[in-house]
Each structure stands twice: as C-alpha cells, then as structure tokens.
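Undergrad: Model the following, please.
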Amino acid sequence: MRIERLSFFVKSVRAVPAGWRLEGEPGYHRRHWARPGDRFDRACGEHGGHERNVDLAVVELSESHAIVTGSGGDQLRPDDILSGERPAEHDAPEPSTDRRTGVDLTETLAGLLGLPAPEGAPTGRSNWSAVESELGVTLPRDYKRFTDTYGAGLIDDHVTVCGPDEPRDWADLVQHNAWAHECVRVDFGGPDNASGAWRLGDSSQWDPQRDDVPSWFDPGDNLISWGHTGNGDLLFWHVKPGADPNDWPVVFKEEGPYWEQYQASFSAALVGLLTGEIQSDYLSRWLGGPHSYTS
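TA: Below is the predicted model of the structure:
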C-alpha cells in the first residue's frame, strides 16, 4: 500500500475552543494536503531538531492555517514542522506520452525568458569533457547550448538551472547531482538503505516492495539532476542505457514521494511548462509569468 506524507509548517500557535489554530502553510501539492480527520503524529524544529511525538487530528486546513485537536498542541512553537501519513487513494499518474524528446527549442526558450538569441551550437566555453567524464555520460545538446550561452541561473525566481564548474555549490551540476541522488535513494532503497554510494539503477539495493520506485524506472536506468526549486523539488533527466542523450525525457521529483515524467527534452520541457502546454501538478502554479532568467 502506498503512503502519502503530510506536513504543515507552523508560523504561530494560538489556543482556540476546538484545540489550536496554527498559522502557516501545508507542505506538498494541494491534492496531498491533510484533510479533516487526518492526523499528525510528529513535530520537529525547522531543521529536524527537537523531534517529539504528538497526536493531532486535523479539524480544518487551508493554504494559510490549520485547526488541530488532540495532544501535543501545547508543545508547538513557531517554525515547527508537523508531519504524518495516510494511505494513498490512487497510485501516481502514469507519465504522458505526447511530448517531444530529441527536440531543441533553445531559441524558443530564450525568447520566452527575454534572453538574446543563443549560439548555434555549444560554444565550448565550459569544460564539458571533464563534467561528462565525472557524470559518466554525454549530456544533451540543448542543455549545453543553453548553459554555455546563459550560464546557471534562476527561471521565474523558482527553478534553478545548474551549470558546469559553478563557484556556487547550489548551482554546480556535478555537486547538485550528487546531492540529488542522496535525496532520492530513500525512494529506491527504503528508509533502511538510504545511504551509501550505490547507483539508483542497482535493483539489488531497492526496497523489495518498490513502493516509491516510479513505474517507468527499470533496473539499469539512471537519473541525472540538472535543476531544483526553492521548495526542495528536483529536476532530472531519465537516462536509459544506450539511449541518445537528446532523447532523455525530463523528470520532476516533488519534495515528497511523487514524480512526474515529461516526454520532452530539457528545452522542450521548460517551454511546455512556461507556456502551459505541459501542466504540472507541482510546478505550473509557480511559472505563470512574467518569465525571467537571472544568472
């Protein structure tokens, strides 16, 4: 049985007749917010410290507050994070199959972001051979054109596009990819096998139930992360052995256990998200425009 994780970020706490009113915001996407009757069973500080057990049932919840009742509400403090679980009602949606891989829409992407026209080919400003040797793959042409021309940066103040040899750790492709793999190993190996340097495609390391391994990911596959969001979400390419890098589809990994796969290249996926051609349950509300790119 699949489990949905619930969370609420507390900004303030006030006792009310029904229990406690919490000002703050729920975590994850709206369809995965806690509902009346759901329960939070853990609370911790902003960075995971001071963890304790609570038993708080949700009475009411919106995008800016929650009312909870039960035990432990008197222990809550500003900047606490409440968490809980419930059985998932549905499996994650199947990936769509009507998108475009192998398509270079760098010019279109640049136009949407208000950038000057890109070079016709990767300029060679970056040491791609060293980066690709470190990652063990050849990277897609449209990604190299884009980052060679514009560098690493931030789309609509939300999506970070990483680049090679970046002095900023959070924007460096190789460093970010290593961190992203650490983040998602728990989805493949389960909570008891979330550490170590094993490859994501090594199915001998997977949780036998493979509850959180996406259905489209096969043994031997790999993920390479080229970006992330301010919410802690991750953007990857789905790498299949022997596939042309320009045909790698883009994958979005929400901070929780949910994945979206777009059958589109790096540039085509971003163009689709920025124009609304691709509707993401998680990203679309952050990319409504006006569009911008900040290096």
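
Undergrad: what residue ranges in the stretch 1-150 of the chain score low on pLDDT?
TA: 1-2, 28-31, 46-48, 89-99, 101-102, 119-125 (pLDDT under 70).

Undergrad: Tell me where it has helices.
TA: For the stretch 1-150 of the chain, the helices defined by DSSP state H, counting those that start in this stretch cover 106-112, 128-135, 141-150.

Undergrad: nearest to residue 198, of these?
TA: helix 128-135 (16.3 Å; C-beta to C-beta). Bear in mind the C-beta positions are built from the backbone N, C-alpha and C, glycine included.

Undergrad: Let me see the ranges of the strands in the chain.
TA: Secondary structure of the chain by DSSP state E: the strands cover 3-16, 19-26, 39-44, 52-61, 65-71, 81-87, 153-155, 159-161, 222-229, 234-239, 250-253, 259-262, 293-294.

Undergrad: Pipe the ones you listed into a markdown table and attach mean neighbour count per row.
TA: Converted to a markdown table, those look like this (neighbours: other C-beta atoms under 10 Å):
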| stretch | mean neighbour count |
| --- | --- |
| strand 3-16 | 16 |
| strand 19-26 | 19 |
| strand 39-44 | 19 |
| strand 52-61 | 18 |
| strand 65-71 | 19 |
| strand 81-87 | 17 |
| strand 153-155 | 19 |
| strand 159-161 | 22 |
| strand 222-229 | 22 |
| strand 234-239 | 24 |
| strand 250-253 | 24 |
| strand 259-262 | 24 |
| strand 293-294 | 14 |
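
Undergrad: thinking again about what came up before, nearest to residue 16, of the helices of the stretch 1-150 of the chain?
TA: Here helix 106-112 is closest among those (C-beta to C-beta), at 46.2 Å.

Undergrad: if we look at the closest one, which residues are touching it?
TA: By C-beta atoms under 8 Å, 6 or more residues apart in numbering, the list of residues contacting helix 106-112 from outside reads 116-118, 142, 145-146, 149-150, 267, 270-271, 274-275, 291.

Undergrad: Among those, pick out the one closest to residue 176, please.
TA: Nearest member of those to residue 176, counting by C-beta to C-beta, is residue 146, at 15.9 Å.

Undergrad: List the contacts of that closest one.
TA: 106, 109-110, 118, 161, 266-267.

Undergrad: quick one: it and residue 152, what's the gap?
TA: 10 Å (C-beta to C-beta, to the nearest Å).

Undergrad: so what sits against both of the two?
TA: Joint contacts of residue 146 and residue 152 (C-beta under 8 Å, 6+ apart) are residue 161.

Undergrad: circling back to that earlier point, just the contacts of residue 146 now: which is nearest residue 138?
TA: Taking the contacts of residue 146 together and measuring to residue 138 by C-beta to C-beta, the closest member is residue 266, at 13.5 Å.

Undergrad: how many other residues sit next to the closest one?
TA: Neighbours of residue 266 under the rule other C-beta atoms under 10 Å: 32.

Undergrad: Can you tell me the closest non-neighbouring residue to it?
TA: residue 143 (4.4 Å; C-beta to C-beta, 6 or more residues apart in numbering).

Undergrad: Surely that neighbour touches residue 226?
TA: Yes: judged on C-beta atoms under 8 Å, residue 143 makes contact with residue 226 at a distance of 6.3 Å.

Undergrad: so what sits against both of those two?
TA: Residues within reach of residue 143 and of residue 226 at once, by C-beta under 8 Å, 6+ apart, are residue 266.

Undergrad: Do you know the pLDDT at the spatially most central residue of the chain?
TA: Taking C-alpha atoms, centre = their mean, the centroid of the chain lies closest to residue 233, which sits 2.2 Å from it. Residue 233 is assigned 91 on the pLDDT scale.

Undergrad: which residues touch it?
TA: Contact analysis of residue 233 by C-beta under 8 Å, 6+ apart lists 252-255, 282-283.

Undergrad: what's the lowest-pLDDT member of these?
TA: For those, the weakest pLDDT value sits at residue 282, with 76.

Undergrad: quick one: residue 6 from residue 58, how far?
TA: Distance, residue 6 to residue 58, using C-beta to C-beta: 8 Å.

Undergrad: where do the contact lists of those two overlap?
TA: 34, 38, 40.
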